[in-house]
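In: What follows is a predicted protein model with its sequence.
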Amino acid sequence: MSFDNLLLERDGAVAVLAINRPKVLNALNTQTIRELREAVLELAHDASVRAVIVTGVGEKSFVAGADINELTALRAIEGQEYARRGQNVLDAIEGMGKPVIAAVNGYALGGGCELAMACTLRVAADSATFGQPEIDLGLIPGYGGTQRLTRLVGKGVALDLLLTGRRITAAEALRIGLVNRVVPSVDLMRESKQWAETLAAKAPIAVRCILESVHHGTLLPHAEGQRIEAALFGLATSTDDRREGTTAFLEKRKAQFTGQ
Ligand code: CO8
């Protein structure tokens, strides 16, 4: 599968998906969103891919937001559709059923910050910058930002960032819990790949169950979340990988998971 605005590479069980519009700091236009949807569907269904890294081409930007050229001409109903299309793609990333690491190599603004937040985990280069500057365009985030940012960092901090539109450093993003790790820029891809490989070696069905339980659980009352957890625990119990994992522990050897 080839794309105009994306680069997709596979390295063993890890796929690296890079937004490739460096001249506009990897801004997401309609075509890029469409290509992202195709790539995400392909990666979701490819059992040989156990973890995905999302990043931006170039040293300056992860994604500098939605393409502002396209936003200028939108009317209300088109704006709503535009937002829904992007939301659906980011939901598909969140629901891919395998870990997705955002390797944030520069600006992650607006839709770029939203893309990073839809990923399972975030590693930032120490030079990265985050923010939701839509307010300064007379807009609000439309790719899930008001929801995911609030869940990740809490209402008070989210409202500060959403209402001021201010940009924050990677260090502040780490402090408020927006990113999991900050690394020197030169180490970003190496560290992200190492982390992805660690996750790719885990039992894939158990990984999927954890993602599903956490993702749905955060949207539900505690008791219902626990019911989902118990059902998924039952599912994980029935797998060959559970047999292999528990047997390997008792035999004092490293487990070899097959994804069955
Ligand atoms: N869209 C289109 N083009 C962009 C964007 C963007 N988001 N960001 C940068 N570019 C372009 C610039 O226009 C410039 O193009 P050119 O070379 O032709 O002039 C090129 O990229 C390089 O950018 P700059 O010269 O501005 O580079 P600087 O280093 O001076 O500044 C910044 C970098 C700070 C990142 C600056 O470019 C900037 O502020 N960009 C806009 C950031 C922004 O506001 N993002 C939010 C966009 S809105 C959004 O994401 C909403 C998402 C949900 C949509 C829901 C649908 C309704």
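Out: Structure received.

In: Now the helix ranked longest in the chain: average pLDDT?
Out: Assignment by DSSP state H gives helix 76-94 as the longest helix of the chain. Taken as a whole, helix 76-94 has a mean pLDDT of 96.

In: Check the spacing between the closest residue to residue 202 other than its chain neighbours and the ligand real quick.
Out: Leaving out its chain neighbours, the residue that sits closest to residue 202 by CB to CB, 6 or more residues apart in numbering is residue 257, at 6.8 Å. C-beta: built from backbone N, CA, C; applies to glycine. Residue 257 sits 38 Å away from the ligand, going by CB to the nearest ligand atom, to the nearest Å.

In: any idea how far residue 257 is from residue 210?
Out: 14 Å (CB to CB, to the nearest Å).

In: More neighbours: these two, which one.
Out: residue 257 (21 against 17; other CB atoms under 10 Å).

In: doesn't that one fall inside a strand?
Out: No. Counting by DSSP: H, G, I helix; E, B strand; the rest coil, one finds residue 257 to be coil, located in no strand.

In: Could you pull up the residues touching it?
Out: 201-204, 241, 244-245 (CB atoms under 8 Å, 6 or more residues apart in numbering).

In: Recalculate using a threshold of 10 Å.
Out: 50, 200-207, 239-242, 244-245, 248 (CB atoms under 10 Å, 6 or more residues apart in numbering).

In: hang on, the earlier thing: which residues do residue 257 and residue 210 both contact?
Out: Contacts common to residue 257 and residue 210, judged by CB under 10 Å, 6+ apart, are 202-203.

In: returning to that earlier point: turn the buried ones among the contacts of residue 257 into a named PyMOL selection, would you?
Out: To isolate the buried ones among the contacts of residue 257 in PyMOL, judged by 16 or more other CB atoms under 10 Å, type:
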select buried, resi 50+200+202+203+204+205+206+207+239+241+242+244+245
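
In: If you count contacts, what does the helix or strand residue 207 falls within end up packed against?
Out: Take DSSP states H and E as the rule and residue 207 turns out to sit in helix 204-217. Applying 3 or more CB pairs under 10 Å, 6 or more residues apart in numbering; DSSP states H and E, we find helix 204-217 packed against helix 222-237, helix 240-250.

In: ok and the last one relative to helix 204-217, angle-wise?
Out: Spelled out, that is helix 240-250. Counting by axes from the mean of the first three to the mean of the last three CA atoms, to 10 degrees, helix 240-250 lies at 110 degrees to helix 204-217.

In: Keeping just the C-alphas, turn helix 240-250 into PDB.
Out: These are the backbone C-alpha positions of helix 240-250, laid out as PDB (Å, rounded to 0.1, in the frame of the first residue of the first chain):
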ATOM      1  CA  ASP A 240      -2.400 -20.700  24.700                       C
ATOM      2  CA  ASP A 241      -0.300 -17.700  25.700                       C
ATOM      3  CA  ARG A 242      -1.700 -17.900  29.200                       C
ATOM      4  CA  ARG A 243      -0.700 -21.600  29.400                       C
ATOM      5  CA  GLU A 244       2.700 -20.700  28.000                       C
ATOM      6  CA  GLY A 245       3.200 -17.700  30.300                       C
ATOM      7  CA  THR A 246       2.300 -19.600  33.500                       C
ATOM      8  CA  THR A 247       4.200 -22.700  32.500                       C
ATOM      9  CA  ALA A 248       7.300 -20.700  31.500                       C
ATOM     10  CA  PHE A 249       7.200 -19.000  35.000                       C
ATOM     11  CA  LEU A 250       7.100 -22.400  36.800                       C
END
